[in-house]
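# next input, structure requested:
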Amino acid sequence: MKISNYLKMKDNELIKEALTDTSYKKYYQTINKKEYKGRVNDNLAVLGDVVIKLALTNVFYKIGNLNITSEKQKYESNKKLVEIIGKRYKFLDIMYYDKNDKNRKKYENYNVSAKDGENEEGWKYIADAVEAVFGAIYIINNKDISIIEAILCYEFNIEFT
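All right, here's what the predicted structure looks like:
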């Protein structure tokens, strides 16, 4: 199971919402001289964050990992989401966000240094979009956590049967 199958669903309202950063409202209004009436990804990102944590917890519990907390922390960080999934699927090419924001342009290569990890302001919006996509996938699949488990195992190369 791949996240790319869902990213191709550009007409799906949940996927579009998941890929729309809050900064896009202002950008849209500046460019189009009218109010943006669509939804942005902040609520789906909250859901996606929880869903990712739950799915990873389930996977490591089923594997029999004795230290679930430290194991899942290797995968659930915003930095990992940006550097692995954000970069792999070129989220910045498919996201709706303020393309004039200098802070956001700085991370076009998806490289987040340790120093940047202390200040997520410039790149957290990419992690939020990744989380929001997981939230959307969860809803699209009638809240079936096993779909999220399968996608995370594929994306992070976690051996799980």
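
# now the residue nearest the centre of the chain: closest residue in space that isn't a chain neighbour?
Closest to where the C-alpha atoms of the chain average out (C-alpha atoms, centre = their mean) is V130, at 0.8 Å. Of all residues not flanking V130 in the chain, L81 sits nearest, at 4.3 Å (C-beta to C-beta, 6 or more residues apart in numbering). Where you see a C-beta, it was placed from the backbone N, CA and C, and this is true even at glycine.

# part of a helix, is that neighbour?
Yes - applying DSSP: H, G, I helix; E, B strand; the rest coil, one finds L81 inside a helix.

# which stretches of the chain form strands?
Assigned by DSSP state E, the chain shows no strands.

# all helices of it, in order?
With DSSP state H as the criterion, the chain has helices at 4-7, 13-18, 23-32, 42-63, 68-76, 78-80, 87-88, 91-94, 102-105, 114-117, 124-140, 145-155.

# would JSON lines of those with mean pLDDT be doable?
Output for the helices of the chain, formatted as JSON lines (pLDDT from 0 to 100):
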{"stretch": "helix 4-7", "mean pLDDT": "94"}
{"stretch": "helix 13-18", "mean pLDDT": "97"}
{"stretch": "helix 23-32", "mean pLDDT": "90"}
{"stretch": "helix 42-63", "mean pLDDT": "96"}
{"stretch": "helix 68-76", "mean pLDDT": "92"}
{"stretch": "helix 78-80", "mean pLDDT": "90"}
{"stretch": "helix 87-88", "mean pLDDT": "93"}
{"stretch": "helix 91-94", "mean pLDDT": "92"}
{"stretch": "helix 102-105", "mean pLDDT": "66"}
{"stretch": "helix 114-117", "mean pLDDT": "52"}
{"stretch": "helix 124-140", "mean pLDDT": "96"}
{"stretch": "helix 145-155", "mean pLDDT": "96"}
